[in-house]
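Undergrad: Got a predicted model here, sequence first, then my questions.
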Amino acid sequence: MKMAMMRLRREDPRVVGSFRLHRRLGAGGMGVVYLGSDRRGQRVALKVIRPDLAEDQEFRSRFAREVQAARRIRGGCTARLVAADLDADRPWFATQYVPGPSLHDKVNEDGPLSAAQTASIGAALAEGLLAVHDAGVVHRDLKPSNILLSPKGPRIIDFGIAWATGASTLTHVGTAVGSPGFLAPEQVRGAAVTPATDVFALGATLAYASTADSPFGQGSSEVMLYRVVHEEPQLMAVPDALAPLIHACLAKDPEERPSTLQLSLRLKEIAAREAQGLSEGRLPLTRREPDRSAERRAAEYAEQRTERPTVKAPAPHHPPQARPEPGGRRPAARPGRVGGQRGQAAARGAAGAAAGRRGQPAARTGAGARRSAPPRDPRLLRQRVTVFVVVTLLVALGIAVAQGCQGPDRRTDGLGSVPSVSSVSSASSQWGGWAPGSG
């Protein structure tokens, strides 16, 4: 039903009950909807039943039950029932007037909605259906034209063919009540309706909101009803975030569809996630941010390089320095290579002095270090002295023996001949060696 304001026609009533009628909002299968107001100025959407249906006593009985069920509906996502007259010549009921375009008109004029908008509207509608089902009512004709987008959120309207749970789906035998393309398969077959029936209709409505087309395409009523029962919905144009959930809502078997509560919770999650992704997408994305981070990392790296200790580790050809011995004495440094330039030696000396102030041993380099540093191993010194003495004695003994064999200058005793002290001394002086008692 297209809810567009039009002037009243000649045949239209001017007053119904306590309400004055101002405009015609539209007409549907059950009657005509008017814009009216009461004496306090409260505006309502008032539906007057068609004369031919008003003469049907079965319809009147069913309509009375539906109105009583609609009075039990509580929730902010539905148009609240204000008044009704079930015994009038033409029964009527009035609901709260909801300003704003229908979902059908919105999509028809502005195009498909985004995934975030569709999920947000769907979450509100699912919450409204939850209140409807808790009241024991099934809407049975949920579709884009029966959803109004008010400033306070979407509202479900037109409960004119709503039916208490467990009632028949047929107004007349063989006639399905509802709109082709949004009817559930069980409605087409004439089976009992359940809350899952409205879940199917909501899935088809969300598919329309995100694609601007019915998930079963276009065609005559017979073709559309056949597709609903026997063919799969076409959801290629539905956003990926919504496609799996909508596909589950459009399952042929009512038992395979999600419950109204599950649908409400899932749509809220999708709406929150998609809204967050949309807000992040609106942030200005420039290349300056990564550039600044790269520059910052480079500056930190350079600062770390600058703050390193000034005393570098010794070069591979310089042996590592030993730790200071207990008592504060510094061990003598091993002789190292003499630098090629005096400036380098001076620099190393300055570095050693700085290290000494920090409590680190300083290495001595150059010729001065070699002259001032004594041998580190005392055993090596003793070995050298011993070898020198032994060699000197052997040489002196050999000379003495040679002289004793050449001349009469011998002194003998009972133990044999031995060289004189003077001869040993002279021989020792000739070789430049060292003898016991000399020096």
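TA: Received, thanks.
Undergrad: buried stuff in the host helix or strand of Glu127?
TA: In the assignment (DSSP states H and E), Glu127 maps to helix 115-134. By neighbour count on 16 or more other CB atoms under 10 Å, the buried set for helix 115-134 is 115-133. Quick note: C-beta positions are derived from backbone N, CA and C, even for glycine.
Undergrad: same check, this time on stretch 133-149
TA: For stretch 133-149, by 16+ other CB under 10 Å, it's 133, 135, 137-149.
Undergrad: Quick check: end-to-end length of it?
TA: 21 Å (CA to CA, to the nearest Å).
Undergrad: avg pLDDT for that stretch?
TA: What stretch 133-149 shows for mean pLDDT is 89.
Undergrad: just stretch 223-230 next, same as before
TA: Stretch 223-230 comes out at a mean pLDDT of 94.
Undergrad: Equivalent analysis for stretch 234-244, please.
TA: 95.
Undergrad: Burial check on Arg189, number of neighbours?
TA: When counting by other CB atoms under 10 Å, one arrives at 12 neighbours for Arg189.
Undergrad: What are the neighbouring residues in contact with it?
TA: Val229 (CB atoms under 8 Å, 6 or more residues apart in numbering).
Undergrad: Phi and psi next, for it.
TA: Main-chain dihedrals, Arg189, degrees, to the nearest 10: phi -80, psi -10.
Undergrad: Now do it, the pLDDT please.
TA: 92.
Undergrad: so Gly259 sits right up against Asp198, yeah?
TA: Rather than Gly, residue 259 is Ser. No - Ser259 lies out of contact with Asp198 (CB atoms under 8 Å); the separation is 11.0 Å.
Undergrad: who's more crowded, those two?
TA: Asp198 (31 against 14).
Undergrad: tell me the contacts of that one?
TA: 129, 132-133, 138-140, 142, 260.
Undergrad: Which element, helix or strand, includes it?
TA: Counting by DSSP H and E, Asp198 is found in helix 195-211.
Undergrad: what do you get for Ala83?
TA: strand 81-85.
Undergrad: Out of the contacts of Asp198, which two sit at the greatest distance?
TA: Arg140 and Thr260 (14.2 Å; CB to CB).
Undergrad: For Ser102, which non-adjacent residue is spatially closest?
TA: Once flanking residues are discounted, Ser102 sits nearest to Ser145: 5.0 Å by CB to CB, 6 or more residues apart in numbering.
Undergrad: how near is the nearest residue to Val32 once chain neighbours are set aside to Val33?
TA: Excluding the flanking residues, the one nearest Val32 by CB to CB, 6+ apart is Val48, at 5.6 Å. Distance of Val48 to Val33, given as CB to CB, to the nearest Å: 8 Å.
Undergrad: Name the next helix or strand following the strand ranked longest in the chain along the chain.
TA: Using DSSP state E, we find that the single longest strand of the chain is strand 19-27. Downstream of strand 19-27, the next assigned helix or strand under DSSP H and E is strand 31-37.
Undergrad: what's that next one packed up against?
TA: In this structure, strand 31-37 packs against strand 19-27, strand 43-49, with contacts taken as 3 or more CB pairs under 8 Å, 6 or more residues apart in numbering; DSSP states H and E.
Undergrad: Report the angle between the longest one and strand 81-85.
TA: Calculated by axes from the mean of the first three to the mean of the last three CA atoms, to 10 degrees, strand 19-27 forms an angle of 100 degrees with strand 81-85.
Undergrad: what sits up against strand 19-27?
TA: 1-9, 12-15, 32-38, 44-46, 83, 94.
Undergrad: returning to what we had before: in the longest strand of the chain, what's buried?
TA: Here strand 19-27 shows 19-21, 24-27 as buried, counting by 16+ other CB under 10 Å.
Undergrad: Grab the two from those residues that are most spread out in space.
TA: That would be Arg20 and Ala27, which, of the buried residues of strand 19-27, are the farthest apart (CB to CB) at 19.5 Å.
Undergrad: For the stretch 101-250 of the chain, just list every one of the helices.
TA: 103-110, 115-134, 185-189, 195-211, 221-230, 243-249 (DSSP state H, counting those that start in this stretch).
Undergrad: hang on, the earlier thing: of the contacts of strand 19-27, just the buried ones, ChimeraX syntax please.
TA: The following ChimeraX line selects those of the contacts of strand 19-27 that are buried, judged by 16+ other CB under 10 Å:
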select :1,3,13,32,33,34,35,36,37,44,45,46,83,94
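Undergrad: remind me which residues of the protein are low pLDDT?
TA: 1-4, 159-178, 278-377, 404-439 (pLDDT under 70).
Undergrad: rerun that using 80 as the cut-off
TA: 1-5, 28-29, 65-66, 69-70, 74-76, 158-179, 277-381, 401-439 (pLDDT under 80).
Undergrad: Walking through it, point out its strands one by one.
TA: 15-16, 19-27, 31-37, 43-49, 81-85, 92-96, 137-138, 147-150, 153-156, 163-164, 411-413, 416-418.
Undergrad: now for the longest helix along the chain, which elements pack on it?
TA: When the chain is scanned for its longest helix (criterion: DSSP state H), the result is helix 378-406. For helix 378-406, the packing partners by 3+ CB pairs under 8 Å, 6+ apart come out as strand 416-418, helix 421-431.
Undergrad: hmm, try it at 6 Å
TA: helix 421-431 (3 or more CB pairs under 6 Å, 6 or more residues apart in numbering; DSSP states H and E).
Undergrad: Pull the number of nearby residues for the residue lying closest to Glu109 once chain neighbours are set aside.
TA: Leaving out its chain neighbours, the residue that sits closest to Glu109 by CB to CB, 6+ apart is Pro101, at 7.7 Å. Residue neighbour count, defined by other CB under 10 Å, stands at 17 for Pro101.
Undergrad: thinking again about what came up before, tabulate the strands of the chain in CSV, adding columns for distance to Val391.
TA: Listed next are the strands of the chain as CSV, based on distance: least, CB to CB, whole Å:
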stretch, distance to Val391
strand 15-16, 144
strand 19-27, 134
strand 31-37, 135
strand 43-49, 132
strand 81-85, 132
strand 92-96, 129
strand 137-138, 125
strand 147-150, 119
strand 153-156, 116
strand 163-164, 131
strand 411-413, 26
strand 416-418, 20
